[in-house]
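**Student:** for reference, the sequence and a predicted model appear below.
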Amino acid sequence: MQQEFLNPEKWVNSGASALQRLPTVCGRFDQQVAEVEHLALCFLDESERDLASRILAAAGTSPELVRRGFEKYARSQPQISSRSPGAEAAVMAGGSLLSLVQSANAQRSLLTDDFLSA
């Protein structure tokens, strides 16, 4: 079931793009478990920044402040203790990410959408 929810083909383009960047974002923090904070950072990366910035600005907050908060939190989480130089560790979905995606999928079903929206 985890694979079905995290299949990029089930997402709109921006969501699929963010999912594909999860291993890179997790690698920046030497982490193997992708959580909600990693997905949020994917959306705050340069290529997705316009939409995420507009949403955060409309909510009355600074995208940069939010990004720094997620980065600080991610740095405080457990890290991989050893890894070969240059090797990308396998990344698995953590509990918070799975919960978020399952909730999004339930909403997608209620709205009879074909794809998960980012």
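**Tutor:** All right, it came through fine. Remember, it's a predicted structure, so these values are computed and weren't measured experimentally.
**Student:** state whether S81 is indeed within a helix.
**Tutor:** No - the assignment for S81 (DSSP: H, G, I helix; E, B strand; the rest coil) gives coil, which keeps it out of a helix.
**Student:** what about it, how many neighbours?
**Tutor:** Number of residues near S81 (other Cβ atoms under 10 Å) recorded here: 6. Where you see a C-beta, it was placed from the backbone N, CA and C, and this is true even at glycine.
**Student:** ok, now how distant is it from Q31?
**Tutor:** 11 Å (Cβ to Cβ, to the nearest Å).
**Student:** pLDDT of stretch 53-67, averaged?
**Tutor:** The pLDDT scores in stretch 53-67 average 90.
**Student:** try stretch 71-82
**Tutor:** On average, stretch 71-82 scores 90.
**Student:** got the buried residues for that stretch?
**Tutor:** 71, 74 (16 or more other Cβ atoms under 10 Å).
**Student:** and if you look at stretch 105-113?
**Tutor:** 105, 108.
**Student:** with stretch 56-64 instead?
**Tutor:** Neighbour counts over stretch 56-64 (16+ other Cβ under 10 Å) mark 56, 63 as buried.
**Student:** start and end of it, how far apart?
**Tutor:** 10 Å (Cα to Cα, to the nearest Å).
**Student:** report the distance from it to the chain centre.
**Tutor:** Distance of stretch 56-64 from its chain centroid, counting by Cα atoms, centre = their mean, to the nearest Å, is 18 Å.
**Student:** quick check: the gap between L65 and S53.
**Tutor:** From L65 to S53 the distance is 11 Å (Cβ to Cβ).
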